[in-house]
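Chemist: Sharing a model prediction with you, sequence too.
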Amino acid sequence: MSDHDSQAHGPITRPGDIPEHDDGHGPHGENDHGHGGIGKYMLVFLALCGLTTLSFFTYSPYWPWRNEPQVGWAFMMAVSCTKAMLVVVFFMHVFWEANWKYVLTIPAAMMAIFLAIMLIPDIGLRNRMVAQERALHMARPSDVRLLEQAAESKLLADPVAH
Amino acid sequence: MNASAASLPHGHADDHGHGHHGPVLQYQPGLPLTRGKLIMWLFLSTEIMFFAALLGSYVVLRFGAAVWPKPHHVHLSEPIGAFNTFVLICSSVTIVLALEMARANKPRLAKLWMVATLLLGTLFLGVKGYEYQAKFSHGIYPWSPRSRVFEKPDLYYGSAVRARLGEPAMIDRLKELDDTPEDKLTPDEVSARRRLKQVRQMVLSPDQQPFDLAVVADQVMPLPAEGTDSHGGAGGHGSHGLNDTFPWLKLPAVIPGGNMWASTYFFLTGFHAIHVLVGLIVFAILLLYNLGPKRAGMIENAGLYWHFVDLVWIFLFPLLYLF
């Protein structure tokens, strides 16, 4: 960090040089008014609304990949990550922050990813091999098919259907 | 102490000049930001891990499950979820505007935007409560004494339906229904009464087949078929299950994978709702102050927290409603 930076961030350097009371703007207070710009926030807001509509589009009948849900999942995750980046970068002002942002966010993000990955062997793959007793009681695709057949059979359908 | 003094960037020459004051130590923060903001970011980094663990568990459980219910099987309404997403995005903008107004020394406008944020957050919670109510009314609870969800139409399900129909209060109610003249019932209720009679016979029949229980489950609370899933929202208006026609019946229902779904859904959205509530309390407290430039730091920290809550929902919405 340069001398200039330390002067800007260190509140007290010598007697008589005491800065004004910190008004809560933070160390980069002098830049704060520059980066905001309500127009910029409105632009981000519109982008967020547009992106939400895009992910909602996967639910509409016009979405072309209704039979391949994986395409929709990948698309929605991409949209969500973009939205998250917009919120973090602009609304949380990370774009205008100094490099400390990496110190706090990257380790936390790595921990988060490892946490999720570590769940896979015991939890994610738990249905690969299950005890017979458990297999008897857990829901299986055959149960869904049975229910669908029951719905189609119209066994108790109304004789005087309206 | 000496080491600190020696490390002063400008101190060594001046210290001799002001010797009688003793060395003046320079406070050099480890990270160039205010303490409040540093603590908020540290807190948020723990929150990232907290929600990553929850979301990660959900993803892993969901994709590791043999069967997972479709959103409509569990009475989730995508448009309501999308609306709530929109509400939270709006509230993110209003809190940013409150901060900008406070910085620009416009406390009244800052307060106005803060009130807007508070209202939007409350609206979010209200919609969430309505959604929870739609689950509860269909017997979907995160724990077993109240939950009426069974995983499959097996013997255990059949005996649960039998037990429910055999409750003394239920016997009286059913007799009352049987004795009601047809002209006092709607056509829907007449049809449902006929089907309910058959369901009672099927459940009690000693030579019932496994398929019969699937028919019973379908009569009690049908699962919308693949092609028709664009209908039947949270209110369950489109479905004609016995539980819908006679809400007092409260018969056990079958939703394959529904119990794990309920656990993860209520756990994720519940923790998110608690975070929203905490944010609302913080906003309510902030409203007691004059929101001028002096409070901009506080608003910024509250805003950081609120944006994080929004961030979590950005992932929760597609994962829960659209996957």
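Modeler: Structure received.

Chemist: what does the strand or helix carrying B:R164 rub up against?
Modeler: When elements are assigned from DSSP states H and E, B:R164 belongs to helix B:155-165. Helix B:155-165 is contacted by residues A:137, B:150, B:170-171, B:174, B:199-200, B:203-204, B:208, B:213, B:216-217, B:220, B:249-252, B:254 when judged by C-beta atoms under 8 Å, 6 or more residues apart in numbering or on different chains. Where C-beta positions appear, they are placed from N, C-alpha and C, glycine not excepted.

Chemist: can you do 10 Å?
Modeler: Residues outside helix B:155-165 that contact it (C-beta atoms under 10 Å, 6 or more residues apart in numbering or on different chains) are A:137, B:148, B:150-151, B:153, B:170-171, B:174, B:196, B:199-200, B:202-205, B:208, B:210, B:212-214, B:216-217, B:220, B:249-254.

Chemist: How about stretch B:173-182?
Modeler: Residues contacting stretch B:173-182 (C-beta under 10 Å, 6+ apart): B:165, B:167, B:185, B:189-190, B:192-193, B:196-197, B:200, B:246, B:248-249.

Chemist: returning to that earlier point: buried residues, the helix holding B:R164. List them.
Modeler: Under the neighbour-count criterion of 16 or more other C-beta atoms under 10 Å in any protein chain shown, helix B:155-165 has B:Y157, B:G158, B:A160, B:V161, B:R164, B:L165 buried.

Chemist: Among these, which one sits closest to chain A?
Modeler: The closest of these to chain A turns out to be B:Y157 (C-beta to the nearest C-beta; 10.3 Å).

Chemist: Stretch B:289-305 near chain A anywhere?
Modeler: Yes - counting by C-beta under 10 Å from any C-beta of the partner chain, chain A has neighbours in stretch B:289-305: B:292-301, B:303-305.

Chemist: These into a markdown table, with extra columns for pLDDT and secondary structure?
Modeler: Listed next are those as a markdown table, based on pLDDT from 0 to 100; DSSP: H, G, I helix; E, B strand; the rest coil:
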| residue | pLDDT | secondary structure |
| --- | --- | --- |
| B:G292 | 90 | coil |
| B:P293 | 92 | helix |
| B:K294 | 91 | helix |
| B:R295 | 91 | helix |
| B:A296 | 92 | helix |
| B:G297 | 92 | helix |
| B:M298 | 94 | helix |
| B:I299 | 95 | helix |
| B:E300 | 94 | helix |
| B:N301 | 95 | helix |
| B:G303 | 95 | helix |
| B:L304 | 95 | helix |
| B:Y305 | 96 | helix |
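
Chemist: Show me which of those residues is closest to chain A.
Modeler: Using C-beta to the nearest C-beta, B:G297 comes nearest to chain A of the residues of stretch B:289-305 next to chain A, at 2.8 Å.

Chemist: Looks like that closest one contacts B:T34 (just checking).
Modeler: Yes - using C-beta atoms under 10 Å, B:G297 and B:T34 qualify as a contacting pair, with a distance of 6.0 Å.

Chemist: quick revisit: which pair of the contacts of stretch B:173-182 spans the longest distance?
Modeler: Within the contacts of stretch B:173-182, B:E167 and B:V190 form the most distant pair, 23.9 Å apart (C-beta to C-beta).
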